[in-house]
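Enquirer: Need a 3D model of the sequence below.
(one chain, ligands or ions: 1)
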Amino acid sequence: MAIFSLFSSTSRPFIHPQLQQIVAKMTLLDTLLFYVVHLVDKLGIWHRLPVLLGLAYLGIRRHLHQRYNLLHVGGTYGRRYNTDEFAYRTADGTCNHPTDDTVGSQGTFFGRNMPPSTSRYGLLEPHPTVVASKLLARKKFIDNGEQFNMIACSWIQFMIHDWIDHLEDTEQVELRAPDEISSGCPLKSFKFFMTKKVSTGSPDLKIGTLNTRTPWWDGSVIYGNNKEGMKRVRAFKDGKLKVSEDGLLQHNVKGIPISGDVRNCWAGFSLLQALFVKEHNAICDLLKVHYSDLDDEQLYRHARLVTSAVIAKIHTIDWTVELLRTDTLLAGMRINWYGFLGKKFKDTFGHILGPILSGLVGLRKPRDHGVPYSLTEEFVSVYRMHSLLPDKFFLRDITYSSTSDQDKCPPVLEEVPMRELAGTEGERKLSIIGMEQMLVSMGHQACGAITLWNYPSWMRNLVAHDINGEDRQDPVDMATMEIYRDRERGVARYNEFRRNLLMIPLSKWEDLTDNIEVVEALHEVYGDDVEKLDLLVGLHAEKKIKGFAISETAFFIFLLIASRRLEADRFFTTNFNCKSYTEKGLEWVNKTETLKDVIDRHFPEMTRKWMRCSSAFSVWGSMPNPTNCIPLYLRSAP
Ligand code: HEM
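Expert: Residues are numbered from 1 along each chain as shown. As a prediction, the model looks like this:
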């Protein structure tokens, strides 16, 4: 116990006083691990450590979050079932967890990473429209530099629509802008449906909210979240999905796309859906050649597994690596997929050495750390990234013929307001533009930065969709609504959120940012009270780690959940094998490393002609990553 007295005997306690209560619940070993993490946090250096030390820090942090930041919401109602009979992803996400058929299915509860907010402030304190107008509303578009393009922005919407959406109530709420700011608001008042609150039947967390999408990484964004959705998208021939002759999605009589999820779609998002429908259909073609005895249903099931794994892999070792552009995260994300010993070792010997050395994918059994899998309320909140969206889209001229090999940047043909690319109008425009021109244009445009005063103006007066993709009557101010949503769902405000994530909380605004303009604006809205700060505002105001497009606070939720999406899923663990995927199917997953690989498969000339950079998620005209002769694990501090 000497170590504890050492830490508590000084006049300034080692542990931040506000964290002591949380640490008091930890086991002895975890307390020691927490001390290590806390010391590094106090020095503010984990991201500047050499790669191996940085990985050790993240490994310990992830372990602590797995122990103390996974809360189950709702009871356990599912039944045992025969896993051999369900060696495929079902339409509604049932039959994935090995002993409970309902875990992760459509309509189950959102979990939590921490207890609901204990804030004493009300739903309108300060008024959400004041927060939106004074801190979020875009003054002038701020882009993400060359790091992230419009494909990257659409990609994350593509993922969100695979994982999460809250069930709404039938009751509406109206928010009216206070007089002092109403003249500057696009909507003086607006109505929207409250989030549906449902009794969990469990004594711990009595009320919960429901996820209308399947939280598994199962490609439901293209396959649907239930049987009806699946039937709508399938061609019922050779396992394939419906697609138009021009390669884009088909549409119903109302002009709404036929796809797994069509809510709040825009042209960039539906383009990615179409690209992965192409991918699915190409996999079906290959499987049919090699396994001619497979019928439509079997081909569909195998191709769905393969396509979903390709999506998950691209997200893990391509998209995330661009989002968090540091050597430590490059190593960390590759370890999640391939393990510390890397791809060559895994390809040669298989998954033989446990999660750290051989990766999460291919584990013998799924791991949920004693808490049934779901995505969480807090995960939804940290993914509120609408600032990624610009106000205008730059359509480029791909008939342009460049004069040199270096010139891969087609000129801008037209500036299209983003509003015109949303919903059915966007679908009409996309069918005129076509897949190739859209993809190249998206590749060449930087998306918005996740920072204050960068919330898209057009989304403050937005025609949102209902679940069928039809326009709603009442337009909404999304920036205001997002502030309200987090409060309504009892998500902790920023400082409480950090404490619950074992992070050092703020004592004053200057702990959050060194930008004086931001400090003054925060002071104007929240006074001196850092406890009042809304999560969304804090995440946007936080000073970022070099190379990170998101805040460190959001990242710690990702650290936990990104691994969980893989390791808790039977189809990335027990059933990640030839029997479920087929040999050729597994080979397809293994050979696909990046989104560029998928684009090259379907548009063989495109990236050669128009892309200069290394990843399809960076701005295509930017320079490729420089070669670094030092092995990744031996790299020192950045
Ligand atoms: C044109 C593109 C987009 C449109 C029109 C759009 C629109 C919407 C709308 C209307 C909602 C429902 C708001 C509510 O009722 O609370 C929503 C929710 C959300 N959106 Fe977007 N969005 C777009 C792109 C994105 C992008 C790029 C992201 C990036 C991560 C994103 C992340 C989210 C999240 C996390 C939610 C919350 C889901 C939930 O409450 O369960 N969206 N979006």
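Enquirer: rest of the way, CA atoms for contacts and neighbours
Expert: Fine.
Enquirer: any bit of the strand or helix carrying Val173 sitting next to the ligand?
Expert: Using DSSP states H and E, Val173 falls within strand 168-176. No. Between strand 168-176 and the ligand, judged by Cα under 6 Å from any ligand atom, nothing touches; the nearest distance is 7.9 Å.
Enquirer: who's in contact with the next helix or strand after that strand?
Expert: The first helix or strand that comes after strand 168-176 along the chain, using DSSP H and E, is helix 179-182. The contact list for helix 179-182 (Cα atoms under 8 Å, 6 or more residues apart in numbering) reads 130, 133, 188.
Enquirer: Give the burial count for the second one, as a bare number.
Expert: Which is Ser133. Per other Cα atoms under 10 Å, the neighbour tally for Ser133 reads 21.
Enquirer: is it true that it touches Ser183?
Expert: No. Ser133 is beyond contact range of Ser183, at 10.6 Å (criterion: Cα atoms under 8 Å).
Enquirer: For the stretch 1-150 of the chain, which segments count as strands?
Expert: In the stretch 1-150 of the chain, no strands are found when defined by DSSP state E, counting those that start in this stretch.
Enquirer: Quick check: residues of the chain near the ligand?
Expert: Proximity of the chain to the ligand (Cα under 6 Å from any ligand atom) is limited to residues 153-154, 156-157, 164-166, 264-266, 380, 383-386, 422, 464, 482, 485.
Enquirer: The closest residue to the ligand within the stretch 401-550 of the chain: what's it in contact with?
Expert: Closest residue of the stretch 401-550 of the chain to the ligand, Cα to the nearest ligand atom: Ala464 (4.4 Å). Ala464 makes contact with 264, 471-472, 475-476, according to Cα under 8 Å, 6+ apart.
Enquirer: Check which residues of stretch 133-141 are buried.
Expert: By 16 or more other Cα atoms under 10 Å, the buried positions in stretch 133-141 come out as 133-138, 141.
Enquirer: hmm, I was thinking of stretch 357-373
Expert: Of all the residues in stretch 357-373, those buried under the rule 16+ other Cα under 10 Å are 357-368, 372-373.
Enquirer: Which two of the residues you listed have the greatest separation?
Expert: Farthest pair in the buried residues of stretch 357-373 (Cα to Cα) is Leu357 and Pro372. Separation: 24.8 Å.
Enquirer: so where's the chain uncertain?
Expert: Applying pLDDT under 70 to the chain flags residues 1-12, 405.
Enquirer: Ramachandran coordinates for the closest residue to the ligand within it?
Expert: Here the residue of the chain nearest the ligand is Asp165; by Cα to the nearest ligand atom that distance is 3.3 Å. In terms of degrees, to the nearest 10, the main-chain angles of Asp165 are phi -170, psi 130.
Enquirer: One more: Phe548?
Expert: Here is the backbone geometry of Phe548 (degrees, to the nearest 10): phi -90, psi 130.
Enquirer: what about it, how many neighbours?
Expert: A count of nearby residues for Phe548, using other Cα under 10 Å, gives 18.
Enquirer: Test my guess that it contacts Leu324.
Expert: Yes. If you go by Cα under 8 Å, Phe548 and Leu324 touch, sitting 4.4 Å apart.
Enquirer: need the contact list for the closest residue to Leu323 other than its chain neighbours.
Expert: For Leu323, ignoring the flanking residues on the chain, the nearest one in space by Cα to Cα, 6 or more residues apart in numbering is Ala549 at 5.5 Å. Listed by Cα under 8 Å, 6+ apart, the contact set of Ala549 reads 144, 323-324, 449-450.
Enquirer: Please repeat the previous calculation with a cut-off of 10 Å.
Expert: The contact partners of Ala549, taken as Cα atoms under 10 Å, 6 or more residues apart in numbering, are 144-145, 147-148, 320, 322-325, 448-451, 555.
Enquirer: Quick check: the gap between it and Lys346.
Expert: Taking Cα to Cα, to the nearest Å as the measure, Ala549 falls 31 Å from Lys346.
Enquirer: And Pro417, by the same measure?
Expert: Remark: distance between Pro417 and Lys346 (Cα to Cα) = 47 Å.
Enquirer: Over to Ser183?
Expert: Counting by Cα to Cα, the gap from Ser183 to Lys346 is 61 Å.
Enquirer: Counting neighbours, what do you get for the closest residue to Arg325 other than its chain neighbours?
Expert: Of all residues beyond its chain neighbours, the one nearest Arg325 is Gly547 (4.6 Å), with distances taken as Cα to Cα, 6+ apart. By other Cα under 10 Å, 16 other residues sit near Gly547.
Enquirer: From the chain's centroid, how far away is the longest helix belonging to the chain?
Expert: Secondary structure of the chain per DSSP state H: the longest helix is helix 267-290. Helix 267-290 sits 21 Å away from the centroid of its parent chain (Cα atoms, centre = their mean, to the nearest Å).
Enquirer: ditto for stretch 215-232
Expert: That offset, for stretch 215-232, works out to 18 Å (Cα atoms, centre = their mean).
Enquirer: Any buried residues in it, and which?
Expert: Residues 215-226, 229-230 are the ones in stretch 215-232 that count as buried (16+ other Cα under 10 Å).
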